[in-house]
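K.L.:
Give me a model of this one.
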Amino acid sequence: MAEIKKIKITQVRSVIDHLENAKRTIKALGLGRPNYFVIKNDTPQIRGMINAVRTLVRVEEVK
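P.N.:
The predicted structure is shown next:
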């Protein structure tokens, strides 16, 4: 069985002065403040959310 890839998503910028959609996406990812991070499964849904707020987050693969 293939192992599910994990990614580390770190918020690097504040959501202040951003659209409500970006604020809700950050909250849905489990973030909320700069330098917070979460580890999620690498799925198309998560990648889509990351793409929506790509200027606010940094993504790294977890081994």
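K.L.:
What ranges does the protein have for its helices?
P.N.:
20-28, 44-52 (DSSP state H).
K.L.:
tell me the average confidence for the last one?
P.N.:
Read that as helix 44-52. Across helix 44-52, the average pLDDT comes to 97.
K.L.:
Which strands or helices does it pack on?
P.N.:
Of the remaining helices and strands, those touching helix 44-52 by 3 or more C-beta pairs under 8 Å, 6 or more residues apart in numbering; DSSP states H and E are strand 6-11, helix 20-28. C-beta here means a position set from N, CA and C on the backbone, and glycine is covered the same way.
K.L.:
Touching the shortest one from outside, list them.
P.N.:
Outside of strand 6-11, the residues within contact range by C-beta atoms under 8 Å, 6 or more residues apart in numbering are 26, 29, 31-42, 46, 50, 56-62.
K.L.:
and if we set it to 7 Å?
P.N.:
Residues external to strand 6-11 that are found in contact with it (C-beta atoms under 7 Å, 6 or more residues apart in numbering): 26, 29, 31, 33-42, 50, 56-62.
K.L.:
can you check stretch 21-33 too?
P.N.:
By C-beta under 7 Å, 6+ apart, the residues outside stretch 21-33 that reach it are I9, Q11, V15, V38, M49, A52, V53, L56.
K.L.:
Spatially, what comes nearest to D42 if we skip its sequence neighbours?
P.N.:
K5 (4.0 Å; C-beta to C-beta, 6 or more residues apart in numbering).
K.L.:
where's the one you found relative to L19, distance?
P.N.:
Taking C-beta to C-beta, to the nearest Å as the measure, K5 and L19 are separated by 29 Å.
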